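Trainee: this one's sequence-less:
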Ligand SMILES: Cc1cc2nc3c(=O)[nH]c(=O)nc-3n(C[C@H](O)[C@H](O)[C@H](O)COP(=O)(O)OP(=O)(O)OC[C@H]3O[C@@H](n4cnc5c(N)ncnc54)[C@H](O)[C@@H]3O)c2cc1C
């Protein structure tokens, strides 16, 4: 039952957020801390399964920053495996020590993201995490309406009036501003009948995914890898697609495939489970891992994965980056982009909402340009899925850019970070665009690796591309110490930064 005020009067709030995934709930908490009255509307109810699970060093740093900057201390433990296990053992997650790539015709490529478990990244078991976050938002004072169906939205100069039904009760509210946090092809894209725009470089892709129990671990033989290869975002790459395998600490494993339309049609992904079995037959290593796997729920099929809306903002509204567009899960860029959008919108909301127009335009431009940078990069990876060496070379553009950005932020030098994936950096930006264009050409892979290494050299903090590492990159303090001049700091500052981030303190709760 709603309080009387929801049903009979037009309830007035500063901000309405539609969609209570993690993005909507975090945005609501931040806005509340800014002193705004906030209502959060969700079409479903928590807990519920959601996809998009794997975090990265950058997304965890952004989460930590939200926690500090907006006085949300209960969020901070979620930014690291160790603090998460201590603070919230009841909230399921997975241990992510890095990115593991197996390739049908090569590999593996292993890129560690943390030196030990305590400060490792995680995979979010979204049913638990999103539920926790929406409860946190409510406990702060955010009004939350679930099972909500918005039937009309009328935008005017002073805001938007929303009317609909939630839990079988009618509601009507007026908000000074609306944020759409409903994900791709979501609420405003449909309600305002916006067009879809093209994502340059990205082929059309489809996806099929599920949660499983009974998934075996990968057998490793020979040399000892920099981390247990399964405690990672595991990618099995093949021509025209890839499979993810993410293990949680509750016995459940998330797995799914994204494939180009041609491969998806060959496998008939729309058929669900039978096509998953057909896929496993093509990938023997995975097949043995899934021998005893049992699906926890019906398979979910996505006929279209990538998406870009033709508008990101309008009068009195804005979309979170996750509602404005999505490229592909391949490099786990979704969380970081969503969190960057929350930070940027928070700055805008700090000002008088009615005068936000020009800042919203900047927000839209940044959101778009970040999305396009991700699209060019991931598109180039798709174009080289049949060529492991070229695939690896392109991926190093990502790893060099994100590790440089994360380290610069941790050192308190944000001015060194010029856009997501450094795409606005005067040298790295145009240089990487030129290399990515080459990566699309038929013979573009020739000499690509050497040119990538030359471009990333001033940003390379991880020994990326060094022949003796054989594509196995652990995290070494020495690499960072050697790279201090690239970041314009002393070795002492690097040591202090590593110490502060828990690099040297390795005791972690068990998995
Ligand atoms: C297959 C796949 C795998 C992915 N893997 C990763 C990954 O590993 N790492 C990563 O960083 N990113 C990943 N992503 C991207 C990631 O899912 C998103 O970045 C993330 O979910 C965004 O969170 P959000 O809360 O903004 O939106 P969502 O998680 O999409 O949540 C939207 C919420 O809005 C609600 N909603 C929808 N429509 C309405 C409506 N009309 N009214 C009210 N409520 C509504 C939904 O019920 C939902 O609760 C993946 C995406 C896909 C498709």
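Mentor: Looks like it came in fine. Quick caveat, the model's predicted, so the values are computed rather than measured. Numbering: from 1, shown residues only.
Trainee: For the stretch 201-350 of the chain, which residues are neighbours of the ligand?
Mentor: 207, 209, 256, 305, 320, 322, 326, 329, 332, 334-335, 338 (CB under 6 Å from any ligand atom). Bear in mind the C-beta positions are built from the backbone N, C-alpha and C, glycine included.
Trainee: Just the buried residues out of those, in ChimeraX syntax.
Mentor: The ChimeraX command for the buried members of those (criterion: 16 or more other CB atoms under 10 Å) is given here:
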select :207,209,256,305,320,322,326,329,332,334,335,338
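Trainee: out of the residues of the stretch 201-350 of the chain next to the ligand, which are inside helices?
Mentor: Within these, residues falling in helices by DSSP state H are 322, 334-335, 338.
Trainee: ok, the closest residue to the ligand within the chain - contacts?
Mentor: Closest to the ligand within the chain is residue 52: 1.9 Å, counting by CB to the nearest ligand atom. Shown in contact with residue 52 (CB atoms under 8 Å, 6 or more residues apart in numbering): 126, 329, 334-335.
Trainee: Go again with 10 Å.
Mentor: By CB atoms under 10 Å, 6 or more residues apart in numbering, the residues touching residue 52 are 21-23, 124, 126, 183, 254, 322, 326, 329, 332, 334-335, 338.
Trainee: So which of those is the closest to residue 15?
Mentor: For those, the residue nearest residue 15 by CB to CB is residue 23; the value is 14.0 Å.
Trainee: What sits closest to residue 471 if chain neighbours are left out?
Mentor: residue 109 (4.5 Å; CB to CB, 6 or more residues apart in numbering).
Trainee: Tell me how many other residues crowd that neighbour.
Mentor: Using other CB atoms under 10 Å, residue 109 is surrounded by 22 other residues.
Trainee: swap in the one 10 residues further on?
Mentor: Residues within reach of residue 119, counting by other CB under 10 Å, total 22.
Trainee: now it: how far from residue 109?
Mentor: Using CB to CB, to the nearest Å, residue 119 is found at 22 Å from residue 109.
Trainee: partner strands of whichever helix or strand residue 12 is part of, parallel or antiparallel?
Mentor: In this assignment (DSSP states H and E), residue 12 forms part of strand 11-18. Strand 11-18 has the following strand partners under DSSP bridges: strand 38-41 (parallel), strand 169-180 (parallel).
Trainee: mean confidence for whichever helix or strand comes after that strand?
Mentor: For strand 11-18, the following helix or strand on the C-terminal side (DSSP H and E) is helix 22-33. Averaged over helix 22-33, pLDDT sits at 98.
Trainee: quick one on the thing from earlier: may I see the residues of the stretch 201-350 of the chain next to the ligand arranged in JSON lines, with pLDDT as well?
Mentor: JSON lines is the format used below for these (pLDDT from 0 to 100):
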{"residue": "207", "pLDDT": "98"}
{"residue": "209", "pLDDT": "98"}
{"residue": "256", "pLDDT": "98"}
{"residue": "305", "pLDDT": "98"}
{"residue": "320", "pLDDT": "98"}
{"residue": "322", "pLDDT": "98"}
{"residue": "326", "pLDDT": "98"}
{"residue": "329", "pLDDT": "98"}
{"residue": "332", "pLDDT": "96"}
{"residue": "334", "pLDDT": "97"}
{"residue": "335", "pLDDT": "98"}
{"residue": "338", "pLDDT": "98"}
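Trainee: what about the closest residue to residue 373 other than its chain neighbours, neighbour count?
Mentor: Nearest residue to residue 373 in three dimensions, chain neighbours excluded: residue 423, at 3.8 Å (CB to CB, 6+ apart). Per other CB under 10 Å, the neighbour tally for residue 423 reads 20.
Trainee: Verify the contact between residue 423 and residue 429 for me.
Mentor: Yes. Here residue 423 reaches residue 429: they are 4.9 Å apart, a contact under CB atoms under 10 Å.
Trainee: Give the intersection of the neighbour lists for these two.
Mentor: 369, 373, 401.
Trainee: which of those has the most neighbours?
Mentor: Neighbour counts for the shared contacts of residue 423 and residue 429 (other CB under 10 Å) peak at residue 401, which has 26 neighbours.
Trainee: Quick check: that one is in a strand.
Mentor: No. Read with DSSP: H, G, I helix; E, B strand; the rest coil, residue 401 is helix and lies in no strand.
Trainee: Now do the same for it: its pLDDT.
Mentor: 98.
Trainee: circling back: over to the residue nearest to residue 471: give its phi and psi.
Mentor: When read as degrees, to the nearest 10, the backbone of residue 109 gives phi -120, psi 120.
Trainee: can you tell me which residues contact residue 447?
Mentor: Listed by CB under 10 Å, 6+ apart, the contact set of residue 447 reads 393, 438.
Trainee: And it, how close does it get to residue 239?
Mentor: 22 Å.
Trainee: Now do the end-to-end distance for stretch 42-58.
Mentor: Taking CA to CA, to the nearest Å, stretch 42-58 runs 27 Å from one end to the other.
Trainee: That one: how far from the chain's middle?
Mentor: Centroid separation between stretch 42-58 and its chain, computed with CA atoms, centre = their mean, to the nearest Å, is 10 Å.
Trainee: Also stretch 442-461?
Mentor: Remark: stretch 442-461 is offset 25 Å from the chain centroid, using CA atoms, centre = their mean.
Trainee: What are the buried residues along it?
Mentor: Buried residues in stretch 442-461 (16+ other CB under 10 Å): 444-445, 448-449, 452-453, 455-456, 459-461.
Trainee: Out of the residues you listed, which is nearest to residue 417?
Mentor: For those, the residue nearest residue 417 by CB to CB is residue 459; the value is 10.6 Å.
Trainee: for that closest one, what are its contacts?
Mentor: Applying CB under 10 Å, 6+ apart, the residues near residue 459 are 397, 400-401, 403-405, 407-408, 416, 422, 425, 427-428, 483, 486-487.
Trainee: Fine, thanks again, bye for now.
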